[in-house]
Every structure is written in structure tokens, then in C-alpha cells.
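>>> fold the stuff below for me.
(one chain, ligands or ions: 2)
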Amino acid sequence: MNAITPNRQTVPAPVGLLAELTHRCPLRCPYCSNPLELDRRSGELDTATWQRVLTEAAALGVLHVHLSGGEPTARNDIVEITETCAKLGLYSNLITSGVGGALDKLQALYDVGLDHVQLSVQGVDAQNAEKIGGLKNAQPQKMAFAEKVTSLGLPLTLNSVIHRGNIHEVEGFIDLAVRLGAKRLEVAHTQYYGWAYVNRAALMPNKADVDASIRIVEAARERLKGQLVIDLVVPDYYAKYPKACAGGWGRKLMNVTPQGKVLPCHAAETISQLEFWYVTEHSLGDIWANSPAFTAYRGTDWMQEPCRSCDRREKDWGGCRCQALALAGDAAATDPACSLSPLHAKVRALAAEEAAENPPDYVYRTIGSNVRSPLKEEAPL
Ligand code: SF4
Ligand code: FES
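Ligands and ions are numbered 1, 2, ... in the order given. Coordinates of the predicted model:
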């Protein structure tokens, strides 16, 4: 594996690059991981810059490129960008809604060497799915897109983000994945950053439904062994220990925004004191090794108790920095999703309280919205 030596320590090279090619998207999911202040088309990086970034990524040791957004097929140059990945030997994964121009471009993407498709599905029942995604007639387009993916022989992953509006459909998502010939299904309970944080009360399921969804997944994994792989992301607020968010800060992933800002995770901009570097001003290798945002929470030196002396600190790397900021008001605090955090009981109580109330209407994501980020305001606990 490549390794690079930044100013203070040697770190392994990143494994994955999330290329957020655009924030434009025909869907308006209320749990979107994009920031509340979406980049506009006029500020997006051009084709040549993305190709240079991909070349630097390959030289750095990156193996996987996730072509994401927004909706990445909204870019006119998506085929050229995908072809560049193939020529550089980078494994390309198209993360798509499957609507808009996605189907029209699929054959060309396949022809230039696209390796994998990850298709989002908001629900199983079309009416429910289209309410969640905020777009009428999306479901038939998604189904047609999925059928084309598998007919081309491309590996298909379905991604279902689970919340109280579709938790009753978990069994249905599994059946749908089998019916469409997907190789993998992600049953990913909502992570409460970005738009999902704004919509938390509308999305938070109750503990009994979460537990039931986990049992359904476990039974299906047994039943469908060898046919379908099911990844399960449990909801943080009900977990015992947090996940290693982004694989640990500055350890595995780089996230490049449509305007070329490089982030250690998709929600990192909510940590307002961090300084981010741009691909238009620095090489990717320099950013990975030396950018203040990447070095801020890399490793364990920055940790407070109880993480500092915990034997899991190099397993989960203290959980999620963005969630620590959102809930504890300090990005260097132990993630309150962890049962060892002094705030954990309050987080559990908050989740139970929100799940017990009637859900408010969704606040849909939209470019030009003036929704304020609660993550930049005071912590709620
Ligand atoms: Fe992970 Fe910190 Fe919790 Fe230990 S105390 S399990 S390192 S988040
Ligand atoms: Fe930023 Fe978890 S989303 S560290």
C-alpha cells in the first residue's frame, strides 16, 4: 500500500474518493447527506479539473471512486469522467437515483467501463417512495433503470435509507432486491446529519420498529446466503457503540465537493472552525497529508475521555465528529451515540420522545433554500 509522510506522522493512502460531481438532483430526499447550502452549477469543477483530480487520486493509491452527487448523471461529461476512471484503473461506482437522464446514459457508461451501480430506492410502494423522494413518477423510472443495469450484467446494489416513513417496508426492500437481481442491498438506517438532522423528528423511528427491522434483516441474511448480501447500518441513536465514521477521520476517504473543496467526510463543513483546502489550489496528496481539516482529528491525539483511555479507540476512532458537534457542541467530544458518553442517556431519551410524537412534514432539500443549519447553532443537549 502507498504511504505518504505528512508533517507529523505517516498515514496510509486513502482507499476511496467520493466525487460529488454536482449537487443538482431531481429528487429532494429529506435525509440527503449533502450540505444545507448546496453548490450551484455555475461553480462546479470542469471536466479537465476532475480528470486531473482522478489522475492524482490514482497516483496516491486510491482504488475506488464513487461518482456521486446530487445526481451524477446530471453532468453532461459523466461519460468522459467515467472513462477516465477506467483508463486509470480506478474501480468506478455510480451512485444514482436512476431518474432524469440516468437511463439514457447507462449504455454509454457501460461501454466506457463503468464497474458498478448503486441505485437509491426511497420505498417499495410507489406512492410512498415518491412522497419521500419528493418526485412524482420516479418509481417506474427507477425500476426500468435497475432492469437495464442487470441486463447489461453490471453488478447492482440497492440502497434503502430507513426511517419511520418506510421502516414497515424492510421485508419489501429485500424482496425487491431479489426480484431485480441485485447482488447487494444496503439497509441503512438514517444517519442524522445535513438534511436528516433538520428532519430528525419526522424521520426518527421507535426502538421496537428498529429492533424488528434488524430481526428481519438477520433472518433474510440466512435465507438468502449466496444470493444477496445485505449490509445493515443500525441507527446511531439506538446503538451501543458508534460506527467508525468514514472509516475513521482522514484514514480511508476523501470527499471532493462540486466546487473542489476536499472534506474528510460529507458533513465536515458543519465544523465551522476547520480550514478546508481546494483541489484548484493544492494537489490531492498535499491535501490528504497536510490540510488542517484532515489532520485535525486524524489518529487519537485529539481525543478526550472516555475515548482517550478506551480500548475501542482504534476501532471506531471515537465515532462521528460531526455528530459530536451536533449533539455535544464539541467536535472533539466522544460521540454521544456511544453508550460510554455521559450524554448517551439524553440522546436515547430524545430519540424516544421524537419517535413517540406525530411526525411533522418533511423539509425537502432544494438548491437556494434558506434553511439554517442547526449544527452550526447551539447543541441541543
Ligand atoms: Fe469508541 Fe470513544 Fe465510545 Fe470508546 S468511548 S467505544 S473509543 S466512542
Ligand atoms: Fe463527519 Fe461522521 S459525518 S465524521
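
>>> can you give me the strands for the stretch 101-250 of the chain?
Here the stretch 101-250 of the chain has its strands, by DSSP state E, counting those that start in this stretch, at 116-120, 156-162, 184-189, 229-233.

>>> how about the ones you listed in JSON lines, adding mean pLDDT?
Shown next, in JSON lines, are those (pLDDT from 0 to 100):
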{"stretch": "strand 116-120", "mean pLDDT": "98"}
{"stretch": "strand 156-162", "mean pLDDT": "96"}
{"stretch": "strand 184-189", "mean pLDDT": "95"}
{"stretch": "strand 229-233", "mean pLDDT": "95"}
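
>>> could you say which one of these comes nearest to ligand 1?
When those are ranked by proximity to ligand 1, the top entry is strand 229-233, at 16.5 Å, counting by C-beta to the nearest ligand atom. Placement of C-beta: from N, CA and C, glycine included.

>>> and the contacts of stretch 277-292?
Residues outside stretch 277-292 that contact it (C-beta atoms under 8 Å, 6 or more residues apart in numbering): 4-7, 11, 13-14, 45, 49, 52-53, 56-57, 59-60, 250, 254, 256, 259-262, 274-276, 293-294.

>>> no wait, stretch 346-357
Contacts to stretch 346-357, defined as C-beta under 8 Å, 6+ apart, come from residues 164, 200-201, 204-207, 235, 237-238, 327, 336-337, 341, 380-381.

>>> close to ligand 2: what parts of this protein are there?
Listed as neighbours of ligand 2 in the chain under the rule C-beta under 6 Å from any ligand atom: Y193, C245, A246, C265, A267, A268, C320, R321, C322, Q323.

>>> just give the closest residue to the third one, not the sequence neighbours.
Translated: A246. The shortest distance from A246 to any non-neighbouring residue, by C-beta to C-beta, 6 or more residues apart in numbering, is to C265 (4.1 Å).

>>> the one you found and C322 touch, don't they?
Yes - if you go by C-beta atoms under 8 Å, C265 and C322 touch, sitting 6.6 Å apart.

>>> helices along this structure, start to end?
Applying DSSP state H to the chain gives helices spanning 47-60, 78-88, 102-111, 126-133, 138-151, 170-180, 194-198, 200-203, 207-223, 284-290, 292-296, 321-328, 344-356.

>>> low pLDDT regions in the chain?
Low-confidence regions of the chain, defined by pLDDT under 70, span residues 1-10, 367-381.

>>> returning to what we had before: could the strands of the stretch 101-250 of the chain go into JSON lines alongside mean neighbour count and distance to R28?
Below are these laid out as JSON lines (neighbours: other C-beta atoms under 10 Å; distance: least, C-beta to C-beta, whole Å):
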{"stretch": "strand 116-120", "mean neighbour count": "22", "distance to R28": "12"}
{"stretch": "strand 156-162", "mean neighbour count": "23", "distance to R28": "13"}
{"stretch": "strand 184-189", "mean neighbour count": "21", "distance to R28": "19"}
{"stretch": "strand 229-233", "mean neighbour count": "16", "distance to R28": "22"}
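
>>> so can I have CSV of the ones you listed showing distance to E71?
As requested, the strands of the stretch 101-250 of the chain are exported to CSV (distance: least, C-beta to C-beta, whole Å):
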stretch, distance to E71
strand 116-120, 10
strand 156-162, 14
strand 184-189, 18
strand 229-233, 22
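
>>> need the ones you listed in JSON lines with distance to ligand 1, can you?
Converted to JSON lines, the strands of the stretch 101-250 of the chain look like this (distance: least, C-beta to the nearest ligand atom, whole Å):
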{"stretch": "strand 116-120", "distance to ligand 1": "28"}
{"stretch": "strand 156-162", "distance to ligand 1": "23"}
{"stretch": "strand 184-189", "distance to ligand 1": "18"}
{"stretch": "strand 229-233", "distance to ligand 1": "16"}
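
>>> neighbours of the closest residue to V363 other than its chain neighbours, just the number please.
Once flanking residues are discounted, V363 sits nearest to V198: 5.2 Å by C-beta to C-beta, 6+ apart. As a burial measure, V198 scores 24 neighbours (other C-beta atoms under 10 Å).
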